[in-house]
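Colleague: turn this into a model:
(one chain, ligands or ions: 2)
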Amino acid sequence: MDDWPEPSCGPDEVIVTIQGVGLCGSDLAVVSGNREVPALPWVLGHEACGVIVATGDDVAHRFPGQRVVVEPNYPCLACGFCRSGVTAGCRNRRAVGISEPGLLAERVAVPARFTWPVPETWDVTDVVCVEPFTVALNAVRMSGLTAGDTCLVVGAGSQGLLVLLAVLHAGGVPFVVDPHVGRSELAFQMGAQDPAVLPPDATFPAVIETSGAPEAFEHALERTAPGGTLIAVGQSTRPAGISTFLLVQRRLTVRGCLIYDHPAGFAHTIATLGEHDLRPGRVLRERFDLAQAPKAFAQAADIAGKTWISLPRNEEMAR
Ligand SMILES: [Zn+2]
Ligand SMILES: [Zn+2]
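Modeller: Numbering: from 1, shown residues only. Ligands and ions are numbered 1, 2, ... in the order given. Sure thing, here's the model as predicted:
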């Protein structure tokens, strides 16, 4: 926690006064030293929303007072991947909070095209969750889940809970497994079923692994039905042991889901939230003030539900 220079607004940028920031596994990986950042001290955070307070000279479609959520991955928009629409594959992508200074600050500069206006009526908790919910919707789409299908969500951390909501939205029947009792209880409260009610060898046409633990990936593979799809959202550099016999005999599809594409991902999430009462902010449980940020980071990994930091002074200023 320290003073940080005021951001300066480039011609294509806007200055956003931040209202809320969700904490996520990649932030915790930076804090624990498992993920390197270009410089220290560093500004963390990439799941954020706020209000525009200034716009650059070349910005035409954003204005002060507008409420926005930040899309915190900036692909180059020029390479082959970007031109084909698969911006998640961009090798030049700048990742906010990882390769670019993050959003957990009172004011930040953001390229205007990576800010998305959202209605004033939306609760700040739901807006804070737009980015991780976009990942969740993308994972469910990649899984090929159709209405009525069962889906096993492995891991009931914040990303697992958002995937659970996305499965429910798609008309699927979600089962959630997590060794942390508080986390799995929260998932059951939010509409998940307990796989313990099924035979121990029950399999699922769609399985989504959100924890990143290699053991969880192994379990996820074992629970994927013949012809089914396993989507990996969680990640680890530790290897997982997998049986190619199982992979081949069951004709499994395993796909990694890395974020979302620009602009399709955020456009789809914001339209979906406008049309359906999904309230992804329900996964936010512990709220901290900015001054309590160190405590928020220390506790986030052990708390059921997603931890977030709100900047109420900024929220008042915006009104
Ligand atoms: Zn995140
Ligand atoms: Zn690119």
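
Colleague: where do the strands sit along the stretch 1-150 of the chain?
Modeller: 13-22, 47-55, 67-70, 73-74, 94-95, 107-111, 115-117, 150-154 (DSSP state E, counting those that start in this stretch).

Colleague: right, so of these, which gets closest to residue 285?
Modeller: Within the strands of the stretch 1-150 of the chain, the stretch nearest residue 285 is strand 13-22; the backing value is 11.0 Å (CB to CB). For glycine as for every other residue, the C-beta is placed from the backbone atoms N, C-alpha and C.

Colleague: count the neighbours of the residue lying closest to residue 113 once chain neighbours are set aside for me.
Modeller: If you skip the residues right next to it in sequence, residue 113 has residue 12 as its closest partner in space, 7.5 Å away by CB to CB, 6 or more residues apart in numbering. Number of residues near residue 12 (other CB atoms under 10 Å) recorded here: 16.

Colleague: so residue 12 sits against residue 58, correct?
Modeller: Yes: under the criterion of CB atoms under 8 Å, residue 12 makes contact with residue 58 at 5.4 Å.

Colleague: now do the helices in the stretch 51-200 of the chain.
Modeller: Here the stretch 51-200 of the chain has its helices, by DSSP state H, counting those that start in this stretch, at 80-83, 124-128, 130-143, 158-169, 181-189.

Colleague: want to try a markdown table for these, with mean pLDDT, mean neighbour count and distance to ligand 2 as columns?
Modeller: As requested, the helices of the stretch 51-200 of the chain are arranged in a markdown table below (pLDDT from 0 to 100; neighbours: other CB atoms under 10 Å; distance: least, CB to the ion, whole Å):
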| stretch | mean pLDDT | mean neighbour count | distance to ligand 2 |
| --- | --- | --- | --- |
| helix 80-83 | 98 | 15 | 3 |
| helix 124-128 | 97 | 22 | 27 |
| helix 130-143 | 98 | 25 | 18 |
| helix 158-169 | 97 | 27 | 25 |
| helix 181-189 | 96 | 17 | 36 |
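
Colleague: residue 100 reaches residue 93, doesn't it?
Modeller: No: counting by CB under 8 Å, residue 100 does not reach residue 93; the two are 10.0 Å apart.
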